[in-house]
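J.: Sequence and predicted model, in that order:
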Amino acid sequence: MKVVSADEVMAYASADARLKNFFDEGKVIMGMAVFPPGARVPREGTGVHDADEYSFILKGSLLSMSGGKEYRIKSGQATLIPQGEEHWSLNDTDEDCEVLWVLVKK
């Protein structure tokens, strides 16, 4: 078993969000993102991954677009963005949004 503490992992910036990668095992990457108020990822346009993206909102909410449709996702909700689907997320609230995410390559 591997155990990682969020306090021990170095954060890095991705567009306007702060990210931490807990595990990168090749086909599976797990991490956490903090979107401060006003943060949008990516800053412009859409993003796409070569893996399915699973997310769970730990705190706050985001306005997200995936597959051409907008969604309001909030604390306690989980999402799945299929591999290759264009998407973006925006924190349009006045509090941080914390997201646990996992990328799974097929």
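T.: Yes, it's here. Just so it is clear, the model here is predicted, and its values are computed rather than measured.

J.: which stretches of this protein form strands?
T.: Taking DSSP state E to define them, one finds strands in the chain at 12-14, 17-24, 28-35, 40-41, 52-59, 61-66, 69-74, 78-81, 87-90, 97-104.

J.: average model confidence for the shortest one?
T.: Averaging pLDDT along strand 40-41 gives 96.

J.: which residues are contacting that strand?
T.: By CB atoms under 8 Å, 6 or more residues apart in numbering, the surrounding residues in contact with strand 40-41 are Ser14, Ala15, Asp16, Ala17, Ala33, Phe35, Gly47, Trp88, Ser89, Leu90, Asn91. Where C-beta positions appear, they are placed from N, C-alpha and C, glycine not excepted.

J.: Comparing the strands of the chain, which comes out most buried?
T.: Among the strands of the chain, ranked by average contacts under mean count of other CB atoms under 10 Å, first place goes to strand 87-90 (a mean of 21).
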